[in-house]
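Student: Below is the sequence, then the predicted model.
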Amino acid sequence: MRTNWDLLIENHFARKGNAKETLTLEVLLESVREVMGEETSYLLADPSKKVLNEEAGSELSWNSIPDVPISEIGWSAMQTRDGVDIPSPERAQLDQFLSKIGEGQDLPEKLAELTSFYNMDVNLVNELKSGKLNENVSKTISYLVFFKTLTQILTHFNASSAGFSFESFLAVLLGGQQIATNSQTIADLTDAAGVPISLKLYKENQLQVGGSYTDLALDLAKDGWDNTMQYICVTKNLSTNPDPMKQGGSLDWYRFNFNIDNVFNILARSSKGSEKNILLPLPFLESGGESTKGMPEKAAAWPHDEELETQFLELLQMEIEKASKASFIVDGSAIFTMEELRQALNWAKDDTLFLRGNKIPGSEERQSPRGRKKMKRKEVHKKLLDAEHKFAPYSSELEPLISMANDKLVARNKRSEKNKARQATINDLYFYTGVSDAERVEISRKFYEEADSELKKKCLMVSHGYITTGHFKLIQSAVENIEDLAQPTPGELFPGDQSGVMIGSIEIGASSVMSVLQKVSNILNENIFEIFNNLKLLTTSIQGYFAGGLEETAKAQTAITAAENIESKTAEVAGMTSSKTLSPGTGPTGPLPAGRYKITE
């Protein structure tokens, strides 16, 4: 027996004794629960109907929020040969949601709006309940997609993958672009105005702002970037539940500018060893910035890990070609490609493959071991065993070849006697006698403070960190007190109207998103809910119909009904009306032709 839904709803309102009561999502769900209770025997008699009701659901869920495929590459814009940006389909999809969050506003305002939504601020609720339904629903869905997508990035991926995806995600939120690696800049992305931004994502109390001093110095010397590098730092305080769906917590956001006025002030008070980057050579100081006598040329920068990986693979390819009698060689060629082997090893990212790197001179950080250290043979062997079947059977043959190629790369980059003599010269110029390290740092900082902008640029290019390709480092407490560190010449330490380094805090996690979803159930009314459920039902039914050899007509009929419901409800929410009213189980199953809808007044 089919239930008369119209009669059921009519009786429901009559029973409540209020003819003016609004048909809300809660009321509809109550009615559905009543029907589910009445129709138990009907569902048991026809299992296909039970699937239909389970798939349609009667509650808003995590899966009710649209999924945006997470793609660090896909979220980056492509370019034509003339350099014109073309949004990829993945970026366009994400952008259609994120562009509605704090439209035209700066990042702090966007975060404040997201926090207001999460807390269901009374003013925001009233705003979302008034005005046009389609605009309010669009904005609400955009908020939910933001929280869901960011939650998935930070809870479903390892730290490296999450970092790259987070860069792309933030670039889309800010209307900017992610910057390709090896671009000789410390920036990771730009915003809509082209402002360069270096992004840092760390666990709470483990934040480190650092990197190549050379890249920072070169960036601050760029007039086109206003001699400024903006830093956005995010600390995550998430639960450690192994189930990503049960992880959650908060993200604290900080933002400040390194600029040509404050960089020496900040680094003079940075982590141990990092402060030596700003040391200036004695002849330069004594001549008021005129003499660079005896200065050695800048050391060649150590290649990036990706560059070294390319060199390593070239050497490995030669070793494999020599192993003509290996069991993985068939008809003169390896049964795998070098790209497959590269992905299996993850040589450029996985530090566990190597012996521990040495500390960076003048810093507490350690050097990348690539090109400097031998590989751990047991770890390489284990990596091959854990890889797909193409490598596991040949791990004993491949491991010696991999280790040999790495050893040859290390030998190629071994420090020469000439470099040792160069280091002795640098020590004489920068670590002159008669004063302590702390006094040398302060002498250089004070000299820089009193220099004009052009002399400041010159100071950057002769400083110890630039000549030696050093690294700088600020820990979380330094970032939190950046305003004090930047004195007495902070310049524009904070962008725009920002008054302090912390610019916001937001909650993420599946449970947090679900909490927000329940709060907005009245905004996502029964029409929107029905569209989402019918989309899922349509997909499931079509898959079931084809999987059943095109014989289960009930599932085909279910798909038809779901498609028609999507058509009519989407038109209703969009403020449009269909020129033909469809009833369940009738009408076309394909896309509607152009001109099928008209705008209602």
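Tutor: Alright, I've got the coordinates.

Student: List the contacts of the nearest residue to F284 once chain neighbours are set aside.
Tutor: Closest residue to F284 apart from its sequence neighbours, by Cβ to Cβ, 6 or more residues apart in numbering: V462 at 5.6 Å. To be clear about C-beta, it is placed using only N, CA and C from the backbone, and glycine gets the same treatment. Contact analysis of V462 by Cβ atoms under 8 Å, 6 or more residues apart in numbering lists 280-281, 284, 292, 295.

Student: With secondary structure and neighbour count as extra columns, can I get those residues in JSON lines?
Tutor: Below are the contacts of V462 laid out as JSON lines (DSSP: H, G, I helix; E, B strand; the rest coil; neighbours: other Cβ atoms under 10 Å):
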{"residue": "L280", "secondary structure": "coil", "neighbour count": "24"}
{"residue": "P281", "secondary structure": "coil", "neighbour count": "24"}
{"residue": "F284", "secondary structure": "helix", "neighbour count": "22"}
{"residue": "T292", "secondary structure": "coil", "neighbour count": "14"}
{"residue": "M295", "secondary structure": "coil", "neighbour count": "15"}
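
Student: Out of these, which is nearest to T561?
Tutor: Taking Cβ to Cβ as the measure, T561 lies nearest L280 of the contacts of V462, at 76.9 Å.

Student: in which helix or strand would I find the spatially closest residue to the closest one that is not a sequence neighbour?
Tutor: In space, and not counting its chain neighbours, L280 is closest to S444: 4.3 Å by Cβ to Cβ, 6+ apart. Per DSSP states H and E, S444 falls inside helix 437-450.

Student: Mind listing what's buried along that helix?
Tutor: Judged by neighbour count using 16 or more other Cβ atoms under 10 Å, the buried positions of helix 437-450 are 440-441, 443-445, 447-448.

Student: packing partners for it?
Tutor: Packing partners of helix 437-450 (3 or more Cβ pairs under 8 Å, 6 or more residues apart in numbering; DSSP states H and E): helix 263-268, helix 282-286, helix 453-462.

Student: Could I get the CA-only coordinates of that helix as PDB?
Tutor: What follows is helix 437-450, C-alpha atoms only, in PDB (Å, rounded to 0.1, in the frame of the first residue of the first chain):
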ATOM      1  CA  ASP A 437      78.800  37.100  19.200                       C
ATOM      2  CA  ALA A 438      76.000  39.000  20.800                       C
ATOM      3  CA  GLU A 439      77.900  42.300  20.400                       C
ATOM      4  CA  ARG A 440      78.700  41.600  16.700                       C
ATOM      5  CA  VAL A 441      75.000  41.000  16.100                       C
ATOM      6  CA  GLU A 442      74.000  44.300  17.800                       C
ATOM      7  CA  ILE A 443      76.700  46.200  15.900                       C
ATOM      8  CA  SER A 444      75.300  44.900  12.600                       C
ATOM      9  CA  ARG A 445      71.700  45.500  13.600                       C
ATOM     10  CA  LYS A 446      72.400  49.100  14.600                       C
ATOM     11  CA  PHE A 447      74.400  49.800  11.400                       C
ATOM     12  CA  TYR A 448      71.400  48.500   9.400                       C
ATOM     13  CA  GLU A 449      68.900  50.500  11.400                       C
ATOM     14  CA  GLU A 450      70.700  53.800  10.500                       C
END
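
Student: roughly how far out does it sit from the chain middle?
Tutor: 38 Å (Cα atoms, centre = their mean, to the nearest Å).

Student: One more: stretch 395-402?
Tutor: Stretch 395-402 sits 35 Å away from the centroid of its parent chain (Cα atoms, centre = their mean).
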